[in-house]
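Trainee: next come a sequence and a model predicted from it.
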Amino acid sequence: EMNSRQFTYLTEIEQMRVFQQSYFNMVQDLRMNNQTLAMQNEHRLLDFRRLKETMKNMKIEYNNALSIRDDTIEDHMQEEKRKNEAKFKAQGCSLDNDGLHDKLEALERFNRRLRLNWLF
């Protein structure tokens with residue numbers, strides 16, 4: 001039959017076994033938590049890399065859009081310059097035309113006078 005010392009010893013062994021099992025379970029939980037955190041960290045790093053790549057591409061697209069805008073503005077300015085030059089030339093032609101018209105009228109008056117002088 002078991003004496004009290006043996007009983008105490010068996011009780012302590014059982015307590016140690018329960019403690020060891022609890023410790024083992026805790027270590028397993030910590031390992032699982034660590035793996036989960038490592039996976040989450042890896043996902044975050046992947047998300048960060050994707051965002052960084054997306055930002056890089058957006059910056060390229062933005063710069064391309066700015067370049068297109070600048071080219072469009074430059075084209076518009078060149079077109080305005082051509083229009084203004086054409087208007088200036090048209091005004092010059094109009095003035096030349098008016099001057100030629102005045103000269104033609106003067107020549108016609110002179111021609112009439114000559115004809116009148118020939119008649120008398």
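Mentor: Great, that's in hand.
Trainee: how far away is residue 83 from residue 75?
Mentor: Separation of residue 83 from residue 75 (CB to CB, to the nearest Å): 13 Å. (Glycine included, C-beta is placed from N, CA and C.)
Trainee: which elements pack onto the host helix or strand of residue 49?
Mentor: Element membership for residue 49 (DSSP states H and E) is helix 4-119. For helix 4-119, there is no helix or strand it packs on, judged by 3 or more CB pairs under 8 Å, 6 or more residues apart in numbering; DSSP states H and E.
Trainee: what's the neighbour count on residue 88?
Mentor: 10 (other CB atoms under 10 Å).
Trainee: gap between it and residue 95?
Mentor: 11 Å.
Trainee: equivalent analysis for residue 32, please.
Mentor: 93 Å.
Trainee: do the same with residue 35
Mentor: Going from residue 35 to residue 95 by CB to CB gives 89 Å.
Trainee: same question, residue 28
Mentor: Taken as CB to CB, the span from residue 28 to residue 95 is 99 Å.
Trainee: likewise residue 73?
Mentor: 33 Å.
Trainee: same question, residue 53
Mentor: 63 Å.
Trainee: then residue 78?
Mentor: Residue 78 sits 26 Å away from residue 95, going by CB to CB.
Trainee: and what of residue 49?
Mentor: 69 Å.
Trainee: and what of residue 52?
Mentor: For residue 52, the distance to residue 95 - CB to CB - is 64 Å.
Trainee: what do you get for residue 13?
Mentor: 121 Å.
Trainee: could you list the low-pLDDT ranges of this protein?
Mentor: For the chain, applying pLDDT under 70 flags the ranges 1-2, 119-120.
Trainee: pull the number of nearby residues for residue 77.
Mentor: Neighbourhood size, residue 77 [other CB under 10 Å]: 10.
Trainee: I meant to write residue 107 there.
Mentor: 10.
Trainee: and residue 80, by the same measure?
Mentor: Neighbours around residue 80, by other CB under 10 Å: 10.
Trainee: show the contacting residues for it.
Mentor: With CB atoms under 8 Å, 6 or more residues apart in numbering as the criterion, no residue contacts residue 80.
Trainee: roughly how far does residue 77 sit from residue 71?
Mentor: Taking CB to CB, one finds residue 77 at 11 Å from residue 71.
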